[in-house]
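>>> My questions are about this predicted structure, shown below with the sequence.
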Amino acid sequence: MKLAVLKETFPGERRVAVIPANLAQLTKAGIDVVIEAGAGQSAGFADSSYSEKGATISSRDELFAADIMAQVRTLGTNKEAGRADVERYRAGQIVLGMCNPLGEPAVSQEIASTGASLFGLELIPRITRAQSMDVLSSMATIAGYRAVLLAATELPKIFPMLMTAAGTLTPARVFVIGAGVAGLQAIATARRLGGVVQAYDVRPACRDQVESLGAKFVELEIDAGESEDKGGYAKAMDEDFYRRQRELMANVVAESDVVITTAAISGKQSPLLVTADAVQRMADGGVIVDLAAERGGNCELSQADERVVEHGVVILGPTNLPSEIPNHASQMFSNNVTNFLLNLVKDGAADMNLEDEIIRDTLVAYEGEMMNARMRDMLGLDPLSEPEKEDAEASEEADAKQEDMEVQTEEQQESSDTESDADGSKEDN
């Protein structure tokens, strides 16, 4: 089994899918690793560090002979430059990486048409066994940390309170919207810098986590109802809910020096939470970092990958913060990928075990078919039939009947033997 690690072609992408530290684990599992020359250079991993661990350094053209192609960004998250790779995929090959499956389902269908199998790592289920493979949580951790550093750089104040001979400096007031992984990391980082932090999440269950980090949980007088899906992510709410939420939240935004928004819903437009009116009420010099800018943004005035100044407030809309800390982001991503591969590869071959929840849920395309039910619905495709499941049930039923017949035969034979013994005893008497 040969794994190829490609150099990223998305503009500004500095991460690499696999780092040298994980090569020993992969080799032990029967996976030979081939690295594109320069793939890890931007993240601080020289070609020599890979070759020292047993990897082969090759050109991009040679990598497509491998069984598994690993990337941080596959076609769905690299729509322009990534298209050049699609024509090189082949039937039986496995493509592994982030592919924006629910945002760009038609693009994943292009990969399916080549006959290659596609695993979308954003679809890793939120179960205990899969925590070590969760790339979304890993990258959100980096993004939450980086967002606070960007805000601290832009803010014309310092974060901590200082009592000096020249007077007392009041601490920065930080408001974090969304207490998922990115939000919690933003809270922790802002607290470490000395800021006074408040946070809000539509899921009341997040309150304990927010308060455990030393932040105040903001309560809005609004009924959130069923605000959490079965995976623990925030659910999309109706527009009436968001309208009321914006009205109540505007007061908290207005009194904050820094606002960091992290509310994103997979495959859907980001909910609008901070209006232009709310921004106008902030003091001059305030900063908003909108981590949901890629899907429209939580702030009405944010623009993806732009620095906007409105009403004296700086609004940042970064869409790829993990790439700004490529070494540690790559380390986390590589650990996730390695753990996923160790679960997938058995005895030196890929085991496409669809009874394994991790494999089943992340498998976007297999043998020319789109496998994800939600994506099929978005593409207007009919639901997949489940002949294998029906056959398995029929087989189990047949086996059960066969076992019953064998038991009955054995019982009949034992009964016959008992009668024969009894008859023999009578004759002896």
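Great, that's in hand. For clarity, every value in this text was computed on a predicted model and none was experimentally measured. Numbers count the residues shown, from 1 in each chain.
>>> Enumerate every residue touching the nearest residue to Ala283 once chain neighbours are set aside.
The shortest distance from Ala283 to any non-neighbouring residue, by C-beta to C-beta, 6 or more residues apart in numbering, is to Asp257 (7.1 Å). (Each C-beta comes from the backbone N, C-alpha and C, glycine too.) Going by C-beta atoms under 8 Å, 6 or more residues apart in numbering, Asp257 touches 155, 157, 172-174, 283, 285-287.
>>> how far away is Asp257 from Glu294?
Separation of Asp257 from Glu294 (C-beta to C-beta, to the nearest Å): 25 Å.
>>> now swap in Ala205 and tell me
26 Å.
>>> and if you look at Glu87?
Distance from Glu87 to Glu294, by C-beta to C-beta: 27 Å.
>>> So between the two, which is more surrounded?
Shown here are Glu87 and Glu294; by other C-beta atoms under 10 Å, Glu294 has more neighbours (17 against 10).
>>> if I look at the more buried one, how far off is Asn320?
For Glu294, the distance to Asn320 - C-beta to C-beta - is 8 Å.
>>> Equivalent analysis for Ser48, please.
Distance, Ser48 to Asn320, by C-beta to C-beta: 27 Å.
>>> who's more crowded, these two?
Asn320 (19 against 10).
>>> Which residue is the nearest non-sequential neighbour of that one?
Gly12 (6.5 Å).
>>> did I read that right, that neighbour in a strand?
No - counting by DSSP: H, G, I helix; E, B strand; the rest coil, Gly12 is not part of a strand but coil.
>>> Surely it and Ser323 touch.
Yes - with contacts counted by C-beta atoms under 8 Å, Gly12 reaches Ser323, the gap being 6.2 Å.
>>> Show me this protein divided up by domain.
By the record's domain assignment, the chain is partitioned as 2-133+325-378, 144-319 (automatic domain parsing).
>>> Mind putting those domains into CSV with distance to Ser385?
Formatted as CSV, these follow (distance: least, C-beta to C-beta, whole Å):
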stretch, distance to Ser385
domain 2-133+325-378, 11
domain 144-319, 25
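>>> which strand residues sit across from Thr164 in the sheet?
Listed by DSSP bridges, the beta-bridge partners for Thr164 are Gly167.
>>> Tell me how many other residues crowd it.
The burial count for Thr164: 7, using other C-beta under 10 Å.
>>> any idea how far Tyr50 is from it?
Going from Thr164 to Tyr50 by C-beta to C-beta gives 50 Å.
>>> how about the residue nearest to Ser323 when sequence neighbours are not counted, what does it touch?
Spatial nearest neighbour of Ser323, chain neighbours left out: Arg14 (4.8 Å); criterion: C-beta to C-beta, 6+ apart. Shown in contact with Arg14 (C-beta under 8 Å, 6+ apart): 8, 42-43, 323-324, 326.
>>> center of this protein, which residue is that?
Nearest residue to the geometric centre of the chain (C-alpha atoms, centre = their mean): Leu136, 2.6 Å.
>>> quick revisit: give me the buried subset of the contacts of Asp257.
Buried residues within the contacts of Asp257, defined by neighbour count using 16 or more other C-beta atoms under 10 Å: 155, 157, 172-174, 286-287.
>>> In JSON lines, list these along with distance to Val253, secondary structure and pLDDT.
Output for those, formatted as JSON lines (distance: C-beta to C-beta, whole Å; DSSP: H, G, I helix; E, B strand; the rest coil; pLDDT from 0 to 100):
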{"residue": "Leu155", "distance to Val253": "15", "secondary structure": "coil", "pLDDT": "98"}
{"residue": "Lys157", "distance to Val253": "17", "secondary structure": "coil", "pLDDT": "97"}
{"residue": "Ala172", "distance to Val253": "14", "secondary structure": "coil", "pLDDT": "98"}
{"residue": "Arg173", "distance to Val253": "11", "secondary structure": "strand", "pLDDT": "98"}
{"residue": "Val174", "distance to Val253": "11", "secondary structure": "strand", "pLDDT": "98"}
{"residue": "Gly286", "distance to Val253": "9", "secondary structure": "coil", "pLDDT": "98"}
{"residue": "Val287", "distance to Val253": "12", "secondary structure": "strand", "pLDDT": "98"}
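>>> Tell me the one of those nearest Ala263?
Closest approach to Ala263 among those (C-beta to C-beta): Val174, at 16.1 Å.
>>> Just the pLDDT at Met332, thanks.
We have a pLDDT of 98 for Met332.
>>> Distance of it relative to Leu23?
Distance of Met332 to Leu23, computed by C-beta to C-beta: 16 Å.
>>> Between the two, tell me which one has more neighbours.
Leu23 (25 against 20).
>>> My read is that the more buried one contacts Ser49, right?
No - in this structure Leu23 lies outside contact range of Ser49 using C-beta under 8 Å: 9.6 Å.
>>> Now the common contact residues for those two.
Common neighbours of Leu23 and Ser49 (C-beta under 8 Å, 6+ apart) do not exist.
>>> Can you give me the neighbour number for Ala179?
Here the number of neighbours of Ala179 (other C-beta under 10 Å) works out to 26.
>>> Please disregard the earlier target; I meant Pro11.
9.
>>> lowest-pLDDT helix or strand in the chain?
helix 387-428 (a mean of 50; mean pLDDT, DSSP states H and E).
>>> Gly12: neighbouring residues, count only.
11.
>>> Quick check: phi and psi on it?
Phi and psi for Gly12, reported as degrees, to the nearest 10, are phi 80, psi 0.
>>> Also Gly286?
phi -70, psi 160.
>>> Let the chain start at 18 from now.
Taking 18 as the first residue, the last one we looked at is Gly303.
>>> The stretch 168-317 of the chain: helices as residue ranges?
If DSSP state H, counting those that start in this stretch is used as the criterion, the helices of the stretch 168-317 of the chain fall at 198-209, 224-229, 256-271, 293-297.
>>> Those helices: which one's closest to Ser75?
Among the helices of the stretch 168-317 of the chain, the nearest to Ser75 by C-beta to C-beta is helix 198-209 (35.2 Å).
>>> Run through the neighbouring helices and strands of the closest one.
Where contact means 3 or more C-beta pairs under 8 Å, 6 or more residues apart in numbering; DSSP states H and E, helix 198-209 is packed against helix 152-171, strand 190-194, strand 213-217, helix 224-229, strand 275-278.
>>> Report the buried residues of that helix.
198-208.
>>> Which of those sits closest to Arg324?
Lowest distance from Arg324 to the buried residues of helix 198-209 (C-beta to C-beta) belongs to Ala203, with 18.6 Å.
>>> Let me see the contact set for the closest one.
Counted by C-beta under 8 Å, 6+ apart, Ala203 has contacts 161-162, 164-165, 193, 277, 279.
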